[in-house]
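**Q** The following comprises the amino acid sequence and a computationally predicted model.
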Number of protein chains: 2
Amino acid sequence: MAAARALKSRNEVENPTSKVLKFGADKPLALAAGVMLSPFQIAYQTYGTLNEARSNAILVCHALTGDQHVANDNPVTGKPGWWDVLIGPGKIIDTDRFFVICSNVIGGCLGSTGPASINPATDKPYGLDLPVITIKDMVRAQAMLVDHFGIDRLFCVLGGSMGGMQVLEWAASYPERVFSALPIAAGARHSAQNIAFNEVGRQAVMADPDWHGGTYFETGKRPEKGLAVARMAAHITYLSEAALHRKFGRNLQDRDALTFGFDADFQIESYLRHQGMTFVDRFDANSYLYLTRAMDYFDLAADHGGLLANAFVGTSTRFCLVSFTSDWLFPTEESRAVVHALNAAGASVSFVEIETDRGHDAFLLDEPELFAAINGFLRSAARARGLEEL
Amino acid sequence: MAAARALKSRNEVENPTSKVLKFGADKPLALAAGVMLSPFQIAYQTYGTLNEARSNAILVCHALTGDQHVANDNPVTGKPGWWDVLIGPGKIIDTDRFFVICSNVIGGCLGSTGPASINPATDKPYGLDLPVITIKDMVRAQAMLVDHFGIDRLFCVLGGSMGGMQVLEWAASYPERVFSALPIAAGARHSAQNIAFNEVGRQAVMADPDWHGGTYFETGKRPEKGLAVARMAAHITYLSEAALHRKFGRNLQDRDALTFGFDADFQIESYLRHQGMTFVDRFDANSYLYLTRAMDYFDLAADHGGLLANAFVGTSTRFCLVSFTSDWLFPTEESRAVVHALNAAGASVSFVEIETDRGHDAFLLDEPELFAAINGFLRSAARARGLEEL
């Protein structure tokens, strides 16, 4: 519950254990909703050192429930960073060579401006008064952070799931600033089924009377039950049926026989309940609404006259797309559609479909084929960029 | 809201617009939970006439949210019976030839004893004091109803989804009483993923403070929001991704552009919300808990020493199994596992996998290939049974 208290404290939301870049009235964030967000701030972490040429920067974009703590122990959960297996000194993304940046997305709840931040107009948390945030807004804010470092061109932008959406948006919005792009387990738009699951999650949050129209910060309560249900539903979509069968099957939880009751008889039940309960300790319910909405709204083709290839015309970015055979949230066809569009736009693109039964969440796991693909792509891109090889 | 009131009224729950068979203290229902349920009652509908030999009876088993009104207008919703397209005079299941029985399952909420029924020990609705019900319990009660008609052997038992589970249980528990069995879009056990989705639904109901530990009948409120969320999540699993894409895609609801808010921008959102809202008007939340639990508990192999073939040893029942290519709730492998077990048991079995993008709910739709399969199987079985052909 320490984590829950951390999130509840306005001071800690405003001043997380991260570096924070604040943008004042002179530098508002132009939102797709048609309004200016100001002031706003970005909480971020960096790893490694920016070289003199400022050519070795890698931007990592996090997924829906991720955060900027990609390669350091997470101050909220105490667990290792979410891509700690991939990023660090001597690792595949070697922080002895690269300067890695990861920022909490706008709309998030770990230090960047989001619905829990103070609305200067009311001196209360925004709640639903924050305009709806889009993937493009997140990326525009990240570009301002990259400007702050004086980096004209990122060596690589990479991320999985919602992070992969940001990668695609970066490549479309700022092609000259992205030397290489690596979207993993993502797509150029959210499907009807994905929107449906997100809507279930939002309705679960909003059905909780403690949500209180989004103003729960004023009541001292939070919609924990609703958010836990939302997380449970979403979590099913992150795993494959095969993985659930392999890991849990119909195994019973600490008992020899069915109890003929509504406790968690099956391991899969107690696993899901645990996922729901721990999630509410580290995530803000309104942020969950905003970030799922951002994913639903994402449709790169629609933003470019209905033709996805238009998003990438004339690009010189080098792309590598990765999908997983058992990912039913962003199935391989979604990545393949992007590959086709990139081919039509004449872009340099490679595509790796990885055979695994671990589902969508494979991008977060110690998946050797994924790491090999990332490694190969980055080494090749580093040579092309003239970055010293190890 | 007439429907909601109908469900709320204790009199109407106890005395539905159906025939009702009451079993007194002399005829308790032995439940798998190890207790006797008494008194109890079964609400049912019949269509057509039982012939003199009592050999033309077809038992239809309904799915999770179905009911006994299979071929007449539903008194709660006013809509046609849920298999009205299939069953009736001159239809594929011809009520001019066959005597069709359909009963509300034990644990249900349309007249058969369930959690909304009065607990004689307290004179209040059972709520969670009703023992957990299993598929086997539902079938045992149906057998007592079939006894009431003096029918030794049913010509056919058929149903889809949870109805198909009952068909398999009938064939396993009463092989000599089932001449032919037709389980559609079902399986011999609930998978980990299916249990996971059911658990999300139950947690959504239980998270609603109006659920009140299941005693909401005493408060005048019902956990409508929680039940609606449960229905929304479940409804996604009844449709295929392809069907959602075809029917809804990313189409907007009555508007030209995104609203940058949390209203139902997308058609899929308003469709799901509608599914949730109308469901609570016709279904009892506690029944939802009980019936999903019954599905989760179903594991025919486990009930027969761990080997599914054991459930069917020596059977003379003729089987036909039907699955749909796009059904990811009960994928074809689940039906195929039953077919393999039936083959191992030396049973007469045919198997039809129907190519469709309509997902699990295809069994409820006007699906020509399904109807052709049912028709062919029933005609062949009727000849074998010596029933006069049309």
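**A** Noted; the coordinates are in hand.
**Q** wait, doesn't A:Asn72 sit right on A:Lys19?
**A** No - in this structure, A:Asn72 is not within contact of A:Lys19 by CB atoms under 8 Å, at 11.5 Å. Just so you know, the C-beta spots here come from the backbone N, C-alpha and C atoms, and that holds for glycine as well.
**Q** Run through the helices of the stretch 51-200 of chain A in chain order.
**A** A:135-148, A:162-173, A:192-207 (DSSP state H, counting those that start in this stretch).
**Q** ok, and what's touching the first one?
**A** Where contact means CB atoms under 8 Å, 6 or more residues apart in numbering or on different chains, the residues beyond helix A:135-148 that reach it are A:21, A:23, A:27, A:29-32, A:37, A:40, A:42, A:44, A:57, A:59, A:61, A:101, A:103, A:105-107, A:112, A:154, A:162, A:165-166, A:169-170, A:173-174, A:177, A:294-295, A:297-298, A:303.
**Q** just checking, which of those belong to strands?
**A** A:21, A:23, A:29-30, A:37, A:40, A:42, A:44, A:57, A:59, A:61, A:101, A:103, A:154 (DSSP state E).
**Q** Any chance of CSV for those residues, columns distance to A:Leu308?
**A** Listed next are the ones in strands among the contacts of helix A:135-148 as CSV, based on distance: CB to CB, whole Å:
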residue, distance to A:Leu308
A:Leu21, 32
A:Phe23, 31
A:Leu29, 26
A:Ala30, 24
A:Leu37, 28
A:Phe40, 30
A:Ile42, 29
A:Tyr44, 30
A:Ala57, 27
A:Leu59, 22
A:Cys61, 19
A:Ile101, 27
A:Ser103, 26
A:Leu154, 22
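**Q** list residues touching both of A:Asn72 and A:Lys19?
**A** Common neighbours of A:Asn72 and A:Lys19 (CB under 8 Å, 6+ apart) are A:Gln45.
**Q** And for A:Glu369, the neighbour number?
**A** 15 (other CB atoms under 10 Å in any protein chain shown).
**Q** Name the SS class of it, please.
**A** Per DSSP: H, G, I helix; E, B strand; the rest coil, the local secondary structure of A:Glu369 is helix.
**Q** In contact with the residue lying closest to A:Ala188 once chain neighbours are set aside, which residues?
**A** If the residues on either side of it in the chain are set aside, A:Ala188 comes closest to A:Leu300, at 4.2 Å by CB to CB, 6 or more residues apart in numbering or on different chains. A:Leu300 makes contact with A:168-169, A:172, A:188-189, A:308, A:311, according to CB under 8 Å, 6+ apart.
**Q** Could you tell me how far A:Leu300 is located from A:Arg293?
**A** 16 Å (CB to CB, to the nearest Å).
**Q** go on, A:Tyr238?
**A** Counting by CB to CB - A:Tyr238 and A:Arg293 are separated by 19 Å.
**Q** Ok, A:Ile151 next?
**A** 29 Å.
**Q** These two: which has the busier surroundings?
**A** A:Arg293 (23 against 20).
**Q** Spatially nearest residue to that one (excluding sequence neighbours)?
**A** Closest residue to A:Arg293 apart from its sequence neighbours, by CB to CB, 6+ apart: A:Val132 at 5.5 Å.
**Q** Verify the contact between that neighbour and A:Tyr290 for me.
**A** Yes - counting by CB under 8 Å, A:Tyr290 is a contact partner of A:Val132 at 6.8 Å.
**Q** These two - which one has more neighbours?
**A** A:Tyr290 (25 against 22).
**Q** re the thing from before, which member of the contacts of A:Leu300 is positioned nearest A:Arg383?
**A** Nearest to A:Arg383 among those: A:Leu168, at 24.1 Å, using CB to CB.
**Q** Quick one: residues contacting the closest residue to that closest one other than its chain neighbours.
**A** Sequence neighbours aside, A:Pro183 is the residue nearest to A:Leu168 in space, at 5.3 Å (criterion: CB to CB, 6+ apart). Counting by CB under 8 Å, 6+ apart, A:Pro183 touches A:158-160, A:163-165, A:167-168, A:319, A:321-322, A:335, A:338.
**Q** filter the contacts of helix A:135-148 down to the ones near chain B?
**A** With the criterion set as CB under 8 Å from any CB of the partner chain, the members of those near chain B are A:32, A:297.
**Q** ChimeraX command for the buried members of the contacts of helix A:135-148?
**A** For the buried members of the contacts of helix A:135-148, the matching ChimeraX selection, counting by 16 or more other CB atoms under 10 Å in any protein chain shown, is:
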select /A:21,23,29,31,32,37,40,42,44,57,59,61,101,103,105,106,107,112,154,162,165,166,169,170,173,174,177,294,295,297,298,303
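**Q** The residue nearest in space to the middle of chain A: what's its closest spatial neighbour, skipping adjacent residues?
**A** Computing the C-alpha centroid of chain A and ranking residues by CA atoms, centre = their mean puts A:Ala63 first, at 1.5 Å. Leaving aside its sequence neighbours, A:Ala63 sits nearest to A:Ser161 (CB to CB, 6+ apart; 4.0 Å).
**Q** From A:Ala228, how far off is that neighbour?
**A** Distance from A:Ser161 to A:Ala228, counting by CB to CB: 20 Å.
**Q** and if you look at A:Trp170?
**A** 33 Å.
**Q** And chain B, is the host helix or strand of A:Gly276 touching that?
**A** Assigning secondary structure by DSSP states H and E places A:Gly276 in helix A:267-282. Yes - applying CB under 8 Å from any CB, one finds helix A:267-282 touching chain B at A:268-269, A:272-273, A:276.
**Q** what do you get for stretch A:360-377?
**A** No - judged by CB under 8 Å from any CB, stretch A:360-377 makes no contact with chain B; its nearest approach is 13.5 Å.
**Q** and chain A, what are its domains?
**A** Listed by automatic domain parsing, the domain ranges of chain A are A:2-192+A:299-385, A:195-292.
**Q** Need those in CSV (columns: mean pLDDT and distance to B:Ala347).
**A** Supplementary listing: these in CSV, determined by pLDDT from 0 to 100; distance: least, CB to CB, whole Å:
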stretch, mean pLDDT, distance to B:Ala347
domain A:2-192+A:299-385, 94, 32
domain A:195-292, 96, 24
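**Q** Output the set of residues of the stretch 101-250 of chain A in proximity to chain B.
**A** A:128, A:131-132, A:189-193, A:195-197, A:199-200, A:202-204, A:206-209, A:225-226, A:228-229, A:232-233, A:236, A:241, A:244-245, A:247-250.
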